[in-house]
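Trainee: missing the sequence, but the structure's below:
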């Protein structure tokens, strides 16, 4: 009788132990799954993945490098434009004192208003002729056609100022052109002065202001 009771009790203990082991393993697995899900949730909620951080740093570095290259290229373009304008202005200064002459306008020893600005810019690599013509009216017509006309308020060193004093049937009845050199001054080949001169900028009779280098 006692042996049967003991055997029955032992079987009960063994079954209980097996059940607890299975339960513990199940709980451990469940906790493991919960932990993994929590890890994923933490990444999604703001914690960064180290591998993604490295990729992002590389992309940021490449983007920054590209942006800097574009900035450097734009700076070089602007410097080139300034160099061209400065060269043209310097060339105009070099012509001060040269006699005024329409007959000898292409000789290099004398200038009229349009040949003075034409050869000043040609020395910096810019050809202002329009339809093989270098008259003031045609220079203005060509620049306006290319969208290089600007407002008087935006006038800068190297810009060209075109005037009309009478009707002549040419583009906007243009009769004269001068180069603005800054500080309210211009250089132009003056028929009245019979030479290329520096003078205060004349603000009357202006019919166009153009920028040869944009």
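Mentor: Received the coordinates, thanks. Since the structure is predicted, the reported quantities are computational estimates derived from the model, not experimental observations. Residues are numbered from 1 along each chain as shown.
Trainee: Can you name every helix or strand that the longest helix along the chain contacts?
Mentor: For the chain, the helix that runs over the most residues, judged by DSSP state H, is helix 50-94. Here helix 50-94 touches helix 113-122, strand 176-182, strand 185-190, going by 3 or more C-beta pairs under 8 Å, 6 or more residues apart in numbering; DSSP states H and E. All C-beta spots, glycine's among them, are computed from the backbone N, C-alpha and C.
Trainee: Single out the most deeply packed of those.
Mentor: helix 113-122 (a mean of 24; mean count of other C-beta atoms under 10 Å).
Trainee: mind checking how far the residue nearest to the spatial centre of the chain is from residue 176?
Mentor: Note on the chain: the residue nearest the mean C-alpha position is residue 74, at 5.2 Å, using C-alpha atoms, centre = their mean. Using C-beta to C-beta, to the nearest Å, one gets 36 Å for the distance from residue 74 to residue 176.
Trainee: and what of residue 151?
Mentor: 20 Å.
Trainee: quick one, phi psi at the residue nearest to residue 83 when sequence neighbours are not counted?
Mentor: In this structure, residue 83 finds its nearest non-sequential neighbour in residue 124, 7.8 Å apart by C-beta to C-beta, 6 or more residues apart in numbering. Backbone torsions of residue 124, given as degrees, to the nearest 10, read phi -100, psi 10.
Trainee: what about residue 124, how many residues close to it?
Mentor: Counted with other C-beta atoms under 10 Å, residues neighbouring residue 124 total 18.
Trainee: surely it meets residue 81?
Mentor: No - taking contacts as C-beta atoms under 8 Å, residue 124 lies outside contact range of residue 81: 10.3 Å.
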